[in-house]
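> The sequence and its predicted three-dimensional model are supplied below.
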There are 2 protein chains.
Amino acid sequence: MPHIDLDKNLPGMRSLMAFSPETASPMGELANLLLRSNEGLSMADRELIGTYVSYLNDCFYCQQSHGAIAVCYLDGDTELVDQVKKNYTNADIPDKLKALLTIAGSVQKGGKFVTAEQVEAAKALGATDRDIHDTVLIAAAFCMFNRYVDGLASNTPTDLSSYPLRAKQIAEMGYGNHIFKEKQPVAENAAV
Amino acid sequence: MPHIDLDKNLPGMRSLMAFSPETASPMGELANLLLRSNEGLSMADRELIGTYVSYLNDCFYCQQSHGAIAVCYLDGDTELVDQVKKNYTNADIPDKLKALLTIAGSVQKGGKFVTAEQVEAAKALGATDRDIHDTVLIAAAFCMFNRYVDGLASNTPTDLSSYPLRAKQIAEMGYGNHIFKEKQPVAENAAV
């Protein structure tokens, strides 16, 4: 049960955004800027980083919802998303992305866990300053989103079939405020 | 030395905001909404929560800069800010704020560390749903800010005398984009 009085018809982040639409606005804008860009990192790379950090933070809602969005960008390859969460070093992804996931994993522990060696390794594999910046900020932002969702014990749909539907909508339309502020009721177990 | 090419004339968060003005905009807006309000929690309460979480995350830059802003709201009481960081249960602050700092400390560890008992204790001392929400989101947001600042190894002024000057400016004017986007050069050891 949520720690505060949240709309029972809305899941996870959406119930929080409805409770506090003022803060929802810049948080939605930040998510859009960080996750809906193919400049440097692809949208798939960005969602994989967010999903991996959510997995490390043990945030069921965020790892399911963002994992489902990553799957949309990866032509339905759910197995790859699972591999990235559980053992990215053996996943079928470029070495550059593996090096960035190492940095993201350090950020999850705390900013000072990122080492110069980890950054140099990523740069040697082609990561630009912008790639490093975006990786660190995506990982840091998910440390916020995950804590927001779980720190208020928001409603987490356990029916996994509900996540892909909502993911498709975000993959097509982005994280605008239209996502967070919409008013129509949804099924209790609807995701994202 | 920073992990990416940041402006050497700007400290900590400001150098990051200059590197990425697009993301600086919603992050500044979020900081303003969470920290520049006296609705429910006072601005002093909000900065104390942010300073305490930054202390737990071992982020020197954020605990110094936000601690200095809290001091501005507390009529120069630096000792109280130190007490809150090191042992808030014995600090001269209301019990309600102590209960909220307990919740903030749990959020710093991870969202699931917040317990129903902690929330009930805060509510019994007068905390509203809005107070609980704001405490969790402030703590979560500092888990992002701290990781952003330290994860990119941004320049941290060690001259403690530089923080109060900048803090006074923010205490008077807020965290608008005018803070993050201003162009004039500043001394290398200037804070915030």
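That came in fine, so what should we check first? Numbers count the residues shown, from 1 in each chain, chains lettered A, B, ... in the order given.
> Give me the below-cutoff pLDDT ranges for chain A.
Scanning chain A for pLDDT under 70 picks out A:176-192.
> At the geometric centre of it, which residue sits there?
A:G50 (3.4 Å; CA atoms, centre = their mean).
> quick check, the helix or strand in which that one is found touching chain B?
For A:G50, the host element (DSSP states H and E) is helix A:43-56. No. If you take CB under 8 Å from any CB of the partner chain as the test, helix A:43-56 misses chain B, and the best it gets is 9.8 Å. No exception for glycine: its C-beta is placed from N, CA and C like everyone else's.
> Tell me what angle the helix or strand following that helix forms with helix A:43-56.
For helix A:43-56, the following helix or strand on the C-terminal side (DSSP H and E) is helix A:60-73. Interaxial angle of helix A:60-73 relative to helix A:43-56 (axes from the mean of the first three to the mean of the last three CA atoms, to 10 degrees): 160 degrees.
> thought A:S154 was touching A:Y61?
Yes. Between A:S154 and A:Y61 a contact is recorded at 7.2 Å, counting by CB atoms under 8 Å.
> Measure how far the helix holding A:G50 is from the centre of its chain, please.
Chain-centre distance of helix A:43-56: 5 Å, with CA atoms, centre = their mean, to the nearest Å.
> And for stretch A:125-145?
12 Å.
> Distance-wise, check the residue lying closest to A:L30 once chain neighbours are set aside relative to A:R46.
Nearest residue to A:L30, sequence neighbours excluded (CB to CB, 6 or more residues apart in numbering or on different chains): B:P26, at 4.3 Å. Distance check for B:P26 against A:R46: by CB to CB, to the nearest Å, it reads 16 Å.
> ok, those two, which is more surrounded?
The neighbour count for B:P26 versus A:R46, taken as other CB atoms under 10 Å in any protein chain shown, is higher for A:R46 (23 against 20).
> close enough to count as contact, the more buried one and A:S37?
Yes. The pair A:R46 / A:S37 is scored as a contact, 7.2 Å apart, by CB under 8 Å.
> any common contacting residues for those two?
A:D134 (CB atoms under 8 Å, 6 or more residues apart in numbering or on different chains).
> how long is stretch A:51-61 end to end?
The straight-line separation of the ends of stretch A:51-61 (CA to CA, to the nearest Å) is 10 Å.
> Need the residues that contact it.
A:11-13, A:62-63, A:66-67, A:70, A:81, A:84-86, A:88, A:101, A:104-105, A:107-108, A:138-139, A:142-143, A:145-147, A:149-150, A:154, A:156-157, A:191, B:110-112.
> For it, buried residues please.
For stretch A:51-61, the neighbour count (16 or more other CB atoms under 10 Å in any protein chain shown) marks A:51-57, A:59-61 as buried.
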